[in-house]
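Chemist: build me a structure from this.
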Amino acid sequence: MIDYLEKNIKKLIKEEKMIFLFTFIFGLLNFFYLLTNHVLSPDGLAYGPIYKSNGWEVDLGRPFLLIVDRLRGGLVTAPVIMFIALFNISLSAIFLKKIYGIHKKIPVIVLTLLLVLFPTLSESALFIYCFDSYSFSLLFSILAIYFIQKDRPILSILFIISSLSLYQAYISVTLTGVLVLEMIKLLNSQFNFKKFIRNFFLVFMGLVSYFILLKGGMFLFGRSMANYKGASSFGIDTILSLPKSIMHAYFDYFSYFFSETIIFNQYYFRNIIHVFLFILFFISLIQPFKKMNWTNRFLFLFFLIVFPISTNIMDLIACDTTINLVTGIGFIMTYILVISSIDYFHYSFMKYISYTLLIVLSYTFLLSNNGTFMSREDTWRNHYYESISLLNKAKALDDYQEDLNWMFSDVIRYQSKLVPTSNGYLSKDYETYDNYFGILEIEIFFDHYFGERISIIDYDTYQEIGRSDEFKNMKLGDVKIINSVVVCKISNELAF
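Modeler: Next up, the predicted model:
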């Protein structure tokens, strides 16, 4: 068994060394700033350097997070997590190559670059404590497509369940990936309607099996799904909301490629790049479309129409939410479809224009990812200096004692000037949550970066002091002891 595994691993690395090489080189280039600076989302700060998923993640429907966390002892070590993630991304690129028959060097390189530099993965890396889990979810979602293609129904369903059990948003990769597969079959005159029904039935069965197992497990352990982004209310309300949700899916699809809502496009002219890519994509379809019979033409156009819905399927499943850059992993499949269509061009120069645009697009991803990381570091730096200033002011008070409780009137609000160069999602966040829990996070910040153990007052006391005349007469930036509490006035009014 060991000899068999060793032989096959060596064969895989030898055959796909270019993908491994490009993934790790450009992955390290992309994530180097993250690995060497203080780059975290507010969640990353809250959960700290040691974190093991617990009941909350189970209630979110992600029980397999508990397994991945415990396999590394709950230690949130960025280099180890990054290595695991890049290895999984390499395997994901390899299986995408196999699924869609992408064998020539240039398209393989373009595919690898787009995947490893895709902004969803870089934004997800800011949740470093579960980035390896998310990369497993990506890999499993692609393996599900692979085994659907290979007519291995049990394995495909198992990988759908596994992917969903790590992060539900990655079902968009499987669903849209199967749709891309069927579209390519139509272009190659290989479409089989029975297999098409069977393939999507397998995806449906994977989803149903996941929900049955999840609900059964929760019933067994006396738990219930968290009321998070509308997923817990999946049922009649979801069906009644379908017209609105479908329109929302189209809006999100347009937003990702052409507006500033999901990702910033204008700074790097990505909206213009996308316009040209879509034009070239439709031009590439002219010849194969002419060769189709009317039935296949109708099906292909139908698949194009439902493509945005498939990409943003979470808009339909969790109807109280909207797609953001972390949940928008399905958008990567549009680029896979474009790459798969390039060979249909009659003129070679159009192929090279398309590949050049995709490489330029990948380069903009590299830049905006690092713009995000630099924005987060800048936000951290501001939070650090504001916090240490407050700490020094407190310690300079005559009646200061280390065992006094603390009150911060607000979170430290700061937005980096680098935000316009970023992806435009997590780069806009403060160092902490923008609510009372964000104030509680300051305890973690003080402990982690200053070695100071402080205790923040409860919410009722917070409101009581905030209504006092003594607090109202304080100037912004002042630190004062009121009722044996170290009070830091960050804003004039109570924020919460």
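
Chemist: drop to CA atoms for contacts and neighbour counts, all remaining ones
Modeler: OK.

Chemist: ok, and the closest non-adjacent residue to the residue nearest the centre of the chain?
Modeler: For the chain, the residue nearest the mean C-alpha position is residue 326 (2.5 Å; CA atoms, centre = their mean). Nearest residue to residue 326, sequence neighbours excluded (CA to CA, 6 or more residues apart in numbering): residue 120, at 5.0 Å.

Chemist: how about the secondary structure of that neighbour?
Modeler: Here residue 120 is recorded as helix under DSSP: H, G, I helix; E, B strand; the rest coil.

Chemist: which intervals of the stretch 251-400 of the chain have sub-threshold pLDDT?
Modeler: In the prediction, the stretch 251-400 of the chain carries no residues with pLDDT under 70.

Chemist: just the buried residues of the particular helix or strand that has residue 96 in it, please?
Modeler: Element membership of residue 96 [criterion: DSSP states H and E] is helix 78-100. By neighbour count on 16 or more other CA atoms under 10 Å, the buried set for helix 78-100 is 78, 81-82, 84-97, 99-100.

Chemist: gap between the helix or strand following that helix and the chain center?
Modeler: Using DSSP H and E, the helix or strand that follows helix 78-100 in sequence is helix 105-116. From the chain centre to the centre of helix 105-116 is a distance of 20 Å (CA atoms, centre = their mean, to the nearest Å).

Chemist: ditto for stretch 171-178
Modeler: So, by CA atoms, centre = their mean, the centroid of stretch 171-178 is 15 Å from its chain's centroid.

Chemist: for that stretch, list the C-alpha coordinates in PDB.
Modeler: Extracted in PDB, the C-alpha atoms of stretch 171-178 (Å, rounded to 0.1, in the frame of the first residue of the first chain):
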ATOM      1  CA  ILE A 171     -21.200  24.200  -3.600                       C
ATOM      2  CA  SER A 172     -21.200  26.900  -6.200                       C
ATOM      3  CA  VAL A 173     -18.000  25.500  -7.600                       C
ATOM      4  CA  THR A 174     -19.400  22.000  -8.000                       C
ATOM      5  CA  LEU A 175     -22.800  23.200  -9.400                       C
ATOM      6  CA  THR A 176     -21.300  25.700 -11.800                       C
ATOM      7  CA  GLY A 177     -18.400  23.300 -12.700                       C
ATOM      8  CA  VAL A 178     -20.900  20.600 -13.800                       C
END
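
Chemist: how about the strands in the stretch 301-450 of the chain?
Modeler: 405-408 (DSSP state E, counting those that start in this stretch).

Chemist: biggest helix in this structure, by residue count?
Modeler: Longest helix in the chain, counting residues (DSSP state H): helix 348-395.

Chemist: go ahead and confirm residue 474 touches residue 488.
Modeler: No - between residue 474 and residue 488 there is no contact under CA atoms under 8 Å: 9.2 Å.

Chemist: higher neighbour count, these two?
Modeler: Ranked by neighbour count (other CA atoms under 10 Å), residue 474 and residue 488 place residue 488 first, with 25 against 15.

Chemist: for that one, give me its contacts.
Modeler: Listed by CA atoms under 8 Å, 6 or more residues apart in numbering, the contact set of residue 488 reads 390, 406-409, 477-480.

Chemist: so what does the helix or strand harbouring residue 26 touch, helix or strand wise?
Modeler: Element membership for residue 26 (DSSP H and E) is helix 17-36. Helix 17-36 makes packing contacts with helix 78-100, helix 105-116, helix 348-395 when contacts are defined by 3 or more CA pairs under 8 Å, 6 or more residues apart in numbering; DSSP states H and E.

Chemist: dump the ones you listed to JSON lines, plus distance to residue 41.
Modeler: Below are the helices and strands packed on helix 17-36 laid out as JSON lines (distance: least, CA to CA, whole Å):
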{"stretch": "helix 78-100", "distance to residue 41": "14"}
{"stretch": "helix 105-116", "distance to residue 41": "20"}
{"stretch": "helix 348-395", "distance to residue 41": "8"}
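
Chemist: closest one to residue 267 among those?
Modeler: Judged by CA to CA, the one of those that comes nearest to residue 267 is helix 348-395, at 9.2 Å.

Chemist: now the angle between helix 17-36 and that closest one, please.
Modeler: 20 degrees (axes from the mean of the first three to the mean of the last three CA atoms, to 10 degrees).

Chemist: just to revisit the earlier point, show me what contacts the residue nearest to residue 326?
Modeler: Residue 120 touches 325-329, counting by CA under 8 Å, 6+ apart.

Chemist: ok, so of those residues, who is nearest residue 253?
Modeler: Nearest to residue 253 among the contacts of residue 120, with distances taken as CA to CA, is residue 328, at 9.4 Å.

Chemist: tally of neighbours for that closest one?
Modeler: Neighbour tally, residue 328, other CA under 10 Å: 25.

Chemist: phi, psi for it please.
Modeler: Dihedral pair for residue 328: phi -90, psi 30, per degrees, to the nearest 10.

Chemist: so which elements touch the longest helix of the chain?
Modeler: Looks like helix 348-395 contacts helix 17-36, helix 105-116, helix 119-124, helix 270-284, strand 479-482 (3+ CA pairs under 8 Å, 6+ apart).

Chemist: contacts for stretch 133-153?
Modeler: Under CA under 8 Å, 6+ apart, the answer for stretch 133-153 is 65, 68, 85, 88-89, 91-92, 95-96, 99, 124, 155-160, 162-164, 166-167, 170-171, 173-174, 177-178, 199, 202.

Chemist: which residues of the stretch 201-350 of the chain fall in helices?
Modeler: Secondary structure of the stretch 201-350 of the chain (DSSP state H, counting those that start in this stretch): helices at 236-240, 242-258, 270-284, 286-291, 294-311, 314-317, 332-341, 348-395.

Chemist: of the ones you listed, which is nearest residue 25?
Modeler: Between the helices of the stretch 201-350 of the chain, helix 348-395 lies closest to residue 25; by CA to CA that is 12.3 Å.

Chemist: any idea how far that closest one is from the chain center?
Modeler: 15 Å.

Chemist: picking up where we left off before, out of the helices and strands packed on helix 17-36, which comes closest to residue 303?
Modeler: helix 78-100 (17.0 Å).

Chemist: to residue 297, which of the helices and strands packed on helix 17-36 lies closest?
Modeler: Per CA to CA, nearest to residue 297 of the helices and strands packed on helix 17-36: helix 78-100, 20.6 Å.

Chemist: CA atoms of the closest one as PDB?
Modeler: Written as PDB, here are the backbone C-alpha positions of helix 78-100 (Å, rounded to 0.1, in the frame of the first residue of the first chain):
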ATOM      1  CA  ALA A  78       0.300  30.700   9.300                       C
ATOM      2  CA  PRO A  79       3.300  29.000   7.500                       C
ATOM      3  CA  VAL A  80       1.900  25.500   8.100                       C
ATOM      4  CA  ILE A  81      -1.700  26.500   7.100                       C
ATOM      5  CA  MET A  82      -0.400  28.300   4.000                       C
ATOM      6  CA  PHE A  83       1.600  25.200   2.900                       C
ATOM      7  CA  ILE A  84      -1.500  23.000   3.300                       C
ATOM      8  CA  ALA A  85      -3.600  25.500   1.400                       C
ATOM      9  CA  LEU A  86      -1.200  25.900  -1.500                       C
ATOM     10  CA  PHE A  87      -0.900  22.100  -1.800                       C
ATOM     11  CA  ASN A  88      -4.700  21.900  -2.000                       C
ATOM     12  CA  ILE A  89      -4.800  24.700  -4.500                       C
ATOM     13  CA  SER A  90      -2.200  22.800  -6.600                       C
ATOM     14  CA  LEU A  91      -4.300  19.700  -6.500                       C
ATOM     15  CA  SER A  92      -7.400  21.700  -7.400                       C
ATOM     16  CA  ALA A  93      -5.700  23.200 -10.500                       C
ATOM     17  CA  ILE A  94      -4.600  19.700 -11.500                       C
ATOM     18  CA  PHE A  95      -8.100  18.200 -11.300                       C
ATOM     19  CA  LEU A  96      -9.600  21.300 -13.100                       C
ATOM     20  CA  LYS A  97      -7.100  20.600 -15.900                       C
ATOM     21  CA  LYS A  98      -8.100  17.000 -16.100                       C
ATOM     22  CA  ILE A  99     -11.800  17.700 -15.900                       C
ATOM     23  CA  TYR A 100     -11.900  20.300 -18.700                       C
END
